[in-house]
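Trainee: My questions are about this predicted structure, shown below with the sequence.
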Amino acid sequence: DAVPVDGLPLRAAARLLGLPDLDLVRALVEPPLEVVDGYVRPGDGGLPDALAAAATAVLAEVDHPFGAPDARRLAQVGLDAVAVARLHRAGVLLRLADGVVVRPGSDDLALAVLRDLRQPFTVSEARQALGTSRRVALPLLGLLDATGRTVRLADDRRRTR
């Protein structure tokens with residue numbers, strides 16, 4: 001299932017957090033996140049309108065939660081390394097590597113998908129399960145490794161925690 005561009009539905013956030021009430025989710029949401037129209041989503045963090053609009057436009061072009069615009073497209077809309085870093089800090093996009101950005105929360109969604117794989121799994125199996133390219137899968141797995149949500153084994157396979 002594709003993730004709506006608007007963010008994570010409150011009901012899904014409550015389920016992920018194990019909370020029985022949507023009001024509890026609303027009470028827990030703090031900047032840089034916000035609740036808008038029933039979705040938990042990244043706030044703009046006081047970003048210039050043009051920068052936020054460029055990020056929104058480029059992410060809207062990607063119709064898959066593990067899809068990423070290419071570096072050429074990022075440059076076309078004025079998203080250089082400095083702009084991408086600022087957008088990442090504001091929670092507007094998730095920077096996986098130089099020139100590789102995805103929607104915020106894609107890492108959590110990936111982990112949910114990877115937990116359903118036979119453990120341990122290869123990069124190729126992860127890439128196929130996520131329906132993405134190696135260009136996105138490798139840095140995404142690297143992020144999950146770095147944050148302790150997956151473990152890279154000696155044979156380069158991984159397992160979820």
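Mentor: Yep, that arrived. Numbering: from 1, shown residues only.

Trainee: When you work out contacts or count neighbours from here on, use the C-alpha atoms and nothing else.
Mentor: OK.

Trainee: What are the boundaries of the strands in the protein?
Mentor: In the chain, strands defined by DSSP state E lie at 8-9, 33-36, 39-42, 94-97, 100-102, 150-152, 158-160, listed in chain order.

Trainee: how distant is the fifth one from the center of its chain?
Mentor: If I follow you right, that is strand 100-102. Computed by Cα atoms, centre = their mean, to the nearest Å, the chain-centroid distance of strand 100-102 equals 8 Å.

Trainee: on that earlier part again, could you dump the strands of the chain to a markdown table with distance to residue 124?
Mentor: What follows is those, written out as a markdown table (distance: least, Cα to Cα, whole Å):
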| stretch | distance to residue 124 |
| --- | --- |
| strand 8-9 | 27 |
| strand 33-36 | 33 |
| strand 39-42 | 30 |
| strand 94-97 | 18 |
| strand 100-102 | 18 |
| strand 150-152 | 14 |
| strand 158-160 | 11 |
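
Trainee: For residue 67, find the nearest of those strands.
Mentor: strand 100-102 (6.5 Å; Cα to Cα).

Trainee: Adding distance to residue 77 and mean pLDDT as columns, could you present the strands of the chain in CSV?
Mentor: Formatted as CSV, the strands of the chain follow (distance: least, Cα to Cα, whole Å; pLDDT from 0 to 100):
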stretch, distance to residue 77, mean pLDDT
strand 8-9, 25, 85
strand 33-36, 24, 82
strand 39-42, 20, 80
strand 94-97, 16, 94
strand 100-102, 13, 95
strand 150-152, 33, 96
strand 158-160, 35, 96
